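Engineer: Kindly return the folded structure for what I paste below:
(chains A and B)
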There are 2 protein chains.
Amino acid sequence: MPDLPADLEQLLGAVARASKRIADTLRTGDAHTKSGIENTFGDEQLHLDVVTNEIAFEELRACGLVHIASSEETPTEEDLGAPKAAPGEGFSVSFDPLDGSSIIDTNFSVGSIFGVWPGRGLLGRTGREQVSSILTVYGPRVTLVIALPQAAAGPRTVQLMLQHDSTWEMIHESLRVAPAGKIFAPGNLRATADNAAYKQLVDFWIAERYTLRYTGGLVPDVYHVLIKGKGVVTNVVSAAAKAKLRLLYEAAPIALVMECAGAASCTAPGPNGEHPEPISILDLPIMGLEFKCGVAYGGVEEVAIFKKLMYPGSSIDAQS
Amino acid sequence: MPDLPADLEQLLGAVARASKRIADTLRTGDAHTKSGIENTFGDEQLHLDVVTNEIAFEELRACGLVHIASSEETPTEEDLGAPKAAPGEGFSVSFDPLDGSSIIDTNFSVGSIFGVWPGRGLLGRTGREQVSSILTVYGPRVTLVIALPQAAAGPRTVQLMLQHDSTWEMIHESLRVAPAGKIFAPGNLRATADNAAYKQLVDFWIAERYTLRYTGGLVPDVYHVLIKGKGVVTNVVSAAAKAKLRLLYEAAPIALVMECAGAASCTAPGPNGEHPEPISILDLPIMGLEFKCGVAYGGVEEVAIFKKLMYPGSSIDAQS
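Structural biologist: Model (predicted):
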């Protein structure tokens, strides 16, 4: 890809190689029982989580440009040394190697998530400091979207597809999400049982005849909005249905991909007063490796509707 | 597979070969523009519909056992002659080569559907007369489920997975769907706007904290229930949101896969008095190649809830 610093291009190459190897591993589920009659899926899921995690670490280590790598599977800060990085350069990378591993047995599309920060360290930083983030989707095809916030012509999100000869072809040079568009993916729907605002929002989407798409995999659901160029994805929390998404490994890298495509991201208010004002996910400080939050991603006007219903008493409304 | 008549095993082999070729075709989207910058998805979808249709016809023709083949893409009865069938034997096959082609660009899992009837002809028969039906899912893996209503130990639905060496491994010898289980896939959700009973049913599922999974692809959504072993999939109609599912190409073959796994299937009432009593989809006569209907598939108790709310005034209730 043009316009990219050489070291970032090398890092993206490592992510692409990891993605291809993970795709090959998923193709037959190497851990699958050969006896053929028992459902050993729990074991398979565990095995795939471990193997895909190792693949991502291997490729990030091999590229020689990574200081700190941290995986949702093993949430510690691993020091990879960045032996090939020039002084003051190199990256720190967060990743979730197999997002949606609980639906791999159903043969739904699943994904990987990578966030890339310049320099050394992840804690205390924000998603906005990322120099790139990458989502891989493993479905009938293997596709990548890459956020490029510092591209010469302005922030953009590109899409690539793995070819039969193991090369990657660019399919879209700049994915764009329209401000309005009636597609919804209501994550953590159970929260509507004890979150009246979320119930009202879901009722609004249904009454307004939005198209429902919800696989239960965050990466495919976000990807659907990116490719269709419209819609909104949410994961809202309540006292009984707690936040599940990790800011470092999932929420922040996805927010960069979406905002570079012209979409918006937004916090959801927590049941104990967390996030009393709506802000971009990219502005949330990473207070811990496993810090969790509720989210909305989507077209700017769709996220504005989310804010209006989920933050009825906030100063946003008071100012308007 | 044991217990299978040799001719049915040969026919299933043809379906498996078609599925493998379709998977290879989907992998990179052969019609994709090489210019890399335009969204030519409409053209790609059209091209894939044509190519996958040709692949299925080629393999069914090559096996020499098919009298009549009919595709959702080209809804006529094609006479393939069944040159290798013994007198009085051979099959007629309906198929949808690429169900969910509108979501292939988003890299969601998609599927193929095949229904297999003994002898010659499709019109006027019922789904219950099928000797097998097959669903292929193209996702991170390529998997088949096959309904075997006449298996020696009783009806069953088996699952196979395509391996790296192009062979198929049996993963489950008998998938079973439990009577009750809180997963829902509410198809044609827009019908809730002018179908009060469906709105009430969706509200029930949400209030009862059912898990939502809805990709918008009928094959993956049904497959999710089969693999998780619980849940319900619906596609309900209204005056404004008309029936989309074709009995011959989609609804009847899927009903056989589900009922052979211990699940139930059921009609949905139409806005003009169609299907005034709930019956199994397998008992609906195929009144035309493109005859459409609303459906529910799922655990026996989940479908009973569907009947109770969707057919409140039917004689089913009067009798109980």
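
Engineer: now the helices for the stretch 151-300 of chain A?
Structural biologist: A:196-207, A:218-228, A:252-260, A:300-310 (DSSP state H, counting those that start in this stretch).

Engineer: Would you tell me which one of those is buried the most?
Structural biologist: Mean neighbours per residue, mean count of other CB atoms under 10 Å in any protein chain shown, is largest over these for helix A:252-260, with a mean of 29. The way it works is simple: take the backbone N, C-alpha and C, and place the C-beta from them, glycine included.

Engineer: Report the mean per-residue pLDDT for that one.
Structural biologist: In this model, helix A:252-260 has a mean pLDDT of 98.

Engineer: For A:Pro285, see how far away A:Arg141 is.
Structural biologist: Look at A:Arg141 and A:Pro285: by CB to CB, to the nearest Å, they are 36 Å apart.

Engineer: hang on, the earlier thing: between the helices of the stretch 151-300 of chain A, which gets nearest to chain B?
Structural biologist: With CB to the nearest CB as the measure, helix A:218-228 is the member of the helices of the stretch 151-300 of chain A nearest chain B (4.6 Å).

Engineer: Give me the residue ranges of the stretch 1-150 of chain A where confidence is low.
Structural biologist: Applying pLDDT under 70 to the stretch 1-150 of chain A flags residues A:1-2, A:29-45.

Engineer: in it, which spans are helices?
Structural biologist: A:6-28, A:41-63.

Engineer: Tell me which other helices or strands the first one touches.
Structural biologist: Right, the one you point to is helix A:6-28. If you count contacts as 3 or more CB pairs under 8 Å, 6 or more residues apart in numbering or on different chains; DSSP states H and E, helix A:6-28 packs onto helix A:41-63, strand A:91-99, strand A:110-118, strand A:132-138, strand A:142-148, strand A:156-162.

Engineer: mind running it again at 10 Å?
Structural biologist: helix A:41-63, strand A:91-99, strand A:110-118, strand A:132-138, strand A:142-148, strand A:156-162, strand A:168-172, strand B:156-162 (3 or more CB pairs under 10 Å, 6 or more residues apart in numbering or on different chains; DSSP states H and E).

Engineer: List the neighbouring strands of the last one plus their orientation.
Structural biologist: On the basis of DSSP bridges, the sheet neighbours of strand B:156-162 come out as strand B:142-148 (antiparallel), strand B:168-172 (antiparallel).

Engineer: contacting residues around A:Phe114?
Structural biologist: Residues in contact with A:Phe114 (CB atoms under 10 Å, 6 or more residues apart in numbering or on different chains) are A:11-12, A:14-15, A:18-19, A:56, A:60, A:69, A:93-97, A:130, A:132-136, A:144, A:146, A:249, A:253.

Engineer: Ok, A:Asn188 next?
Structural biologist: Taking CB under 10 Å, 6+ apart as the definition, contacts of A:Asn188 comprise A:195, A:198, A:234-238, A:241-245, A:268, A:294-295, B:212.

Engineer: Which single one of these is nearest to B:Gly313?
Structural biologist: B:Leu212 (28.7 Å; CB to CB).

Engineer: If the closest one is in a bridge, with which residues?
Structural biologist: B:Phe184.

Engineer: For B:Lys182, see how far away it is.
Structural biologist: Distance from B:Leu212 to B:Lys182, by CB to CB: 10 Å.

Engineer: Quick check: neighbours shared by these two?
Structural biologist: Residues within reach of B:Leu212 and of B:Lys182 at once, by CB under 10 Å, 6+ apart, are A:190, B:205.

Engineer: out of the two, which sits in the more crowded spot?
Structural biologist: Shown here are B:Leu212 and B:Lys182; by other CB atoms under 10 Å in any protein chain shown, B:Leu212 has more neighbours (21 against 15).

Engineer: that older thread, write a PyMOL command that selects only the buried members of the contacts of A:Phe114.
Structural biologist: Command for PyMOL that selects the buried part of the contacts of A:Phe114, burial taken from 16 or more other CB atoms under 10 Å in any protein chain shown:
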select buried, chain A and resi 11+12+14+15+18+19+56+60+69+93+94+95+96+97+130+132+133+134+135+136+144+146+249+253
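
Engineer: Would you mind splitting chain A into its domains for me?
Structural biologist: A:6-172, A:183-315 (automatic domain parsing).

Engineer: And the ones you listed: which comes nearest B:Ala178?
Structural biologist: Ranked by CB to CB, the member of the domains of chain A that lies closest to B:Ala178 is domain A:6-172, at 13.0 Å.

Engineer: The closest one: how far from the chain's middle?
Structural biologist: Its chain's C-alpha centre lies 11 Å from the corresponding centre of domain A:6-172 when counted by CA atoms, centre = their mean, to the nearest Å.

Engineer: likewise stretch A:282-293?
Structural biologist: For stretch A:282-293, the distance to the chain centre is 14 Å (CA atoms, centre = their mean).

Engineer: ok, and for that stretch, which residues are buried?
Structural biologist: A:282, A:284, A:286, A:289, A:291-293.

Engineer: cool, and stretch A:149-160?
Structural biologist: Buried-residue list, stretch A:149-160, by 16+ other CB under 10 Å: A:149, A:151, A:156-160.

Engineer: Could you report the separation of A:Phe57 from A:Thr74?
Structural biologist: Remark: distance between A:Phe57 and A:Thr74 (CB to CB) = 9 Å.

Engineer: Need the overlap of contacts for those two.
Structural biologist: Common contacts of A:Phe57 and A:Thr74, defined by CB under 10 Å, 6+ apart, comprise A:Pro97.

Engineer: can you pull the contacts of the residue nearest the centre of chain A?
Structural biologist: In chain A, the residue lying closest to the centroid (CA atoms, centre = their mean) is A:Ile254, at 3.4 Å. Taking CB under 10 Å, 6+ apart, we find A:Ile254 in contact with A:96, A:99, A:111, A:113, A:115, A:127, A:133, A:135, A:145, A:147, A:218-219, A:221-223, A:226, A:233, A:245, A:265, A:281, A:295, A:297.

Engineer: Quick check: the gap between A:Glu250 and chain B.
Structural biologist: The gap separating A:Glu250 from chain B is 18 Å, by CB to the nearest CB, to the nearest Å.

Engineer: Now that that residue has come up, it's in contact with A:Ile113, right?
Structural biologist: Yes. When contacts are counted by CB atoms under 10 Å, A:Glu250 is listed as touching A:Ile113 (5.7 Å).

Engineer: Now do the shared contacts for the two.
Structural biologist: A:72, A:94-96, A:99, A:218-219, A:222.
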